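A.B. asks: Need coordinates for the following:
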Amino acid sequence: MARWATGVTVVTTRDAEVDAGLTVNAFLSVALEPPTVLVSLTLVADTTPLLERSRTFAVNLLAADQRAVSERFARTIPPAEKFQGLPVHRGATGAALLDGTLGNLECRVVDWLPRRDHVLIVAEVVREEVGRDAEPLLFYRAGYATSEGGGRLKLPPAPPR
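C.D. replies: Predicted coordinates for the structure are as follows:
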């Protein structure tokens with residue numbers, strides 16, 4: 001799967017007064033009418049049970065210069081540390097919407113499909129927010145693409161054989 005380039009998102013949720021989130025690249029559009037998306041989360045992630053209870057979440061589409069945000073949310077650290085000092089705002093669902101992204105989708109869960117060690121979550125988009133116009137953060141060959149400016153991205157080199 002390292003040969004499949006993907007965009008990088010951070011999925012956030014809020015249950016009671018607790019924020020949680022994690023880096024996700026298993027994200028796709030399922031339907032346009034009504035707008036429906038799918039995310040795949042590991043069952044052992046600390047965000048998964050909160051999202052299951054809240055039944056709402058946000059998908060934050062990361063820009064190429066937000067690699068540090070992706071790396072922060074990919075770490076196994078307490079949820080509060082992931083958000084510490086990070087500028088966010090709230091939308092209709094209450095989930096944290098990360099500032100400076102390409103955009104945010106607020107979603108309501110319609111199907112919860114456990115599969116092996118992951119859960120496939122199908123959700124209707126209830127609100128969208130267009131962010132800034134920038135290059136996307138891409139993940140390929142176990143590394144991040146880097147921006148060369150002018151809308152050009154450089155993919156990580158192939159590992160030596």
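
A.B. asks: Check which helices and strands the worst-scoring helix or strand of the chain on mean pLDDT is in contact with.
C.D. replies: Lowest on mean pLDDT, DSSP states H and E among the helices and strands of the chain sits strand 146-149, with a mean of 82. Helices and strands touching strand 146-149, by 3 or more C-beta pairs under 8 Å, 6 or more residues apart in numbering; DSSP states H and E, are strand 152-154. Every residue, glycine included, has its C-beta placed from N, CA and C.

A.B. asks: Strands of the chain, start to end?
C.D. replies: For the chain, the strands defined by DSSP state E occupy 6-7, 9-15, 18-24, 27-32, 35-42, 56-61, 88-90, 96-98, 103-115, 118-130, 138-140, 143-144, 146-149, 152-154.

A.B. asks: now for those, which one comes closest to residue 82?
C.D. replies: Taking C-beta to C-beta as the criterion, strand 18-24 is the member of these that comes nearest to residue 82, at 5.8 Å.

A.B. asks: The closest one pairs with which strands, and in what direction?
C.D. replies: Strand 18-24 sits in its sheet next to strand 9-15 (antiparallel), going by DSSP bridges.

A.B. asks: For the least confident helix or strand of the chain, which strands pair with it and how are they oriented?
C.D. replies: Take DSSP bridges as the rule and strand 146-149 pairs in its sheet with strand 152-154 (antiparallel).

A.B. asks: Identify the residues contacting stretch 21-38?
C.D. replies: 6-13, 39-41, 45-47, 59, 70-71, 73-74, 79, 82-83, 96, 105, 107, 110, 118, 120-125, 128, 139 (C-beta atoms under 8 Å, 6 or more residues apart in numbering).

A.B. asks: and if you look at stretch 72-81?
C.D. replies: So stretch 72-81 is contacted by 10, 18, 19, 20, 21, 22, 23, 46, 47, 82, 86 (C-beta under 8 Å, 6+ apart).
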